[in-house]
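Asker: Predicted model and sequence below, questions to follow.
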There are 2 protein chains.
Amino acid sequence: MRRPRKHSVPVEHTRRYLEPGPVVLLSTAHRGERGIMTLGWYMMLGYDLVGTYLWQANRSHALAKRSRECVINLPTDALLDTVVGIGNCSGREGDKFERFGLTAHAATDVGAPLIAECHANFECRLHETRISADYPLFVWRVIRAHVAPRPVWPRTVHYRGDGRFMIAGPTRSRRALFRPDMLDN
Amino acid sequence: MRRPRKHSVPVEHTRRYLEPGPVVLLSTAHRGERGIMTLGWYMMLGYDLVGTYLWQANRSHALAKRSRECVINLPTDALLDTVVGIGNCSGREGDKFERFGLTAHAATDVGAPLIAECHANFECRLHETRISADYPLFVWRVIRAHVAPRPVWPRTVHYRGDGRFMIAGPTRSRRALFRPDMLDN
């Protein structure tokens, strides 16, 4: 599997990758344990803030809560079967990096590993949790962003439910219709 | 502009339309005023719960807060220029239904209007707000879902930032790789 070389980009560019709504892989680590989960329930909550739904039954919930750090990794269609596999097994069945042949690279600022095969990696520190009986919301501050310069428009995967995924299609510019102050981010 | 005929579907199907991360149009109404805003910052927070970021400067923030109701409308690529236009003007400049030639249909359970030209409409009642200095999060309970049966895979639009949109591409099934209990929703 290809491991694209990446550049640092301003954390304010995070939304360019996450706002289209692709499935991501969230990696965590705490005291020698590490985990990966497939995540579709998240949103931008600021130019450097991301909210994620981390169900208490997932081992990643505990690793994220204890370490207060994570990495949000952006897979593309070449990793679709891996994304599905990770979402359909538990970390209790063994280390997912080994099981799925993924490469863990050391992050710059957090203990959670970067998944080298992904198109982009966003290092995050916990900003706050808003856990209620209804939903467990973790809010993360993105502190470092690593992005592969090519392809410019990665073919991300988007979950349609019921085992089906939409693959990112063509990109269309509507810059000419935007107010200049709406184009900064 | 086409106004597709829609069927009622269980509210638990909402995620099939919103989880892929398309841009949506949020419509609101309160005491004779109505509004539409373009929204990309939202997430599923339960099978019938959706969190939305509604910036205080948007007129929709006040209409949503006062009425405690909204409709989340799902546009497709035929409406892309309308989506951009709505996101780049203010309701203070006039009624957006009139300005953009959109049709307001009466909702079943809420006062906010359905946008008839959209592929799907989700009627919502406010579940709670989590407004802090950092972000204004409204959490909605979907109480009724209207969806056009065709096309089966609507060509939704997804914001890449900087005036560019990704148009939904092909759908791929990976049902065979899912655990049966992961396929219910």
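Answerer: Yep, that arrived. Residues are numbered from 1 along each chain as shown, chains lettered A, B, ... in the order given.

Asker: mind checking the SS state of the residue nearest the centre of chain A?
Answerer: Nearest to the mean C-alpha position of chain A, by Cα atoms, centre = their mean, lies A:Ile72 at 2.8 Å. Secondary structure, DSSP: H, G, I helix; E, B strand; the rest coil: A:Ile72 is strand.

Asker: List the contacts of it.
Answerer: Under the criterion of Cβ atoms under 8 Å, 6 or more residues apart in numbering or on different chains, the contact list for A:Ile72 reads A:18, A:24-26, A:39, A:42, A:50, A:52, A:121-122, A:124, A:140, A:142. Yep, even glycine has a C-beta here, placed from its N, CA and C like the rest.

Asker: Tabulate these (JSON lines), appending pLDDT and distance to A:Gly91.
Answerer: Formatted as JSON lines, the contacts of A:Ile72 follow (pLDDT from 0 to 100; distance: Cβ to Cβ, whole Å):
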{"residue": "A:Leu18", "pLDDT": "98", "distance to A:Gly91": "23"}
{"residue": "A:Val24", "pLDDT": "98", "distance to A:Gly91": "17"}
{"residue": "A:Leu25", "pLDDT": "98", "distance to A:Gly91": "13"}
{"residue": "A:Leu26", "pLDDT": "98", "distance to A:Gly91": "12"}
{"residue": "A:Leu39", "pLDDT": "98", "distance to A:Gly91": "14"}
{"residue": "A:Tyr42", "pLDDT": "98", "distance to A:Gly91": "19"}
{"residue": "A:Val50", "pLDDT": "98", "distance to A:Gly91": "21"}
{"residue": "A:Thr52", "pLDDT": "98", "distance to A:Gly91": "17"}
{"residue": "A:Asn121", "pLDDT": "98", "distance to A:Gly91": "19"}
{"residue": "A:Phe122", "pLDDT": "98", "distance to A:Gly91": "21"}
{"residue": "A:Cys124", "pLDDT": "98", "distance to A:Gly91": "19"}
{"residue": "A:Trp140", "pLDDT": "98", "distance to A:Gly91": "20"}
{"residue": "A:Val142", "pLDDT": "98", "distance to A:Gly91": "24"}
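
Asker: Out of these, name the ones that lie in helices.
Answerer: A:Leu18 (DSSP state H).

Asker: in chain A, what spans have low per-residue confidence?
Answerer: Of all residues in chain A, those with pLDDT under 70 make up the ranges A:185.

Asker: ranges for the strands of it?
Answerer: Secondary structure of chain A (DSSP state E): strands at A:7-9, A:24-30, A:33-39, A:42-46, A:49-53, A:69-74, A:104-105, A:114-115, A:120-131, A:136-147, A:157-161, A:164-173.

Asker: What's the separation between the residue nearest to the centre of chain A and chain B?
Answerer: Distance, A:Ile72 to chain B, by Cβ to the nearest Cβ, to the nearest Å: 13 Å.

Asker: list the contacts for whatever residue of chain A ends up closest to chain B?
Answerer: Chain A approaches chain B most closely through A:Gly21 (1.0 Å), counting by Cβ to the nearest Cβ. Contact partners of A:Gly21, counting by Cβ under 8 Å, 6+ apart, are A:Gly40, A:His158, B:Glu19, B:Pro20, B:Gly21, B:Pro22, B:His158.

Asker: follow-up on the earlier one: go through the contacts of A:Ile72 and single out the one with the most neighbours.
Answerer: Counting neighbours by other Cβ atoms under 10 Å in any protein chain shown, the top entry in these is A:Cys124, with 31 neighbours.

Asker: Bridged to that one, which residues?
Answerer: Beta bridges link A:Cys124 to A:Cys70, A:Val142 when assigned by DSSP bridges.

Asker: is it true that it touches A:Val142?
Answerer: Yes - using Cβ atoms under 8 Å, A:Cys124 is in contact with A:Val142, at 5.5 Å.

Asker: Residues that sit against both of these two, list them.
Answerer: Counting by Cβ under 8 Å, 6+ apart, the residues touching both A:Cys124 and A:Val142 are A:Val50, A:Ile72.

Asker: dump the residue contacts of A:Ser27.
Answerer: Under the criterion of Cβ under 8 Å, 6+ apart, the contact partners of A:Ser27 comprise A:Arg34, A:Gly35, A:Ile36, A:Cys70, A:Val71, A:Asn73, A:Ala104, A:Ala112, A:Pro113, A:Leu114, A:Ile115.

Asker: Distance of the fourth one relative to A:Phe138?
Answerer: As defined by Cβ to Cβ, to the nearest Å, A:Cys70 lies at a distance of 8 Å from A:Phe138.

Asker: Which neighbours do these two have in common?
Answerer: Counting by Cβ under 8 Å, 6+ apart, the residues touching both A:Cys70 and A:Phe138 are A:Thr52, A:Ala64, A:Leu126.

Asker: So which of these is the closest to B:Met182?
Answerer: Each of these was scored against B:Met182 by Cβ to Cβ, and A:Thr52 proved nearest at 18.7 Å.

Asker: ok, back up a step: closest one of the contacts of A:Ile72 to B:Asn88?
Answerer: Of all these, A:Leu18 has the smallest distance to B:Asn88: 21.8 Å, by Cβ to Cβ.
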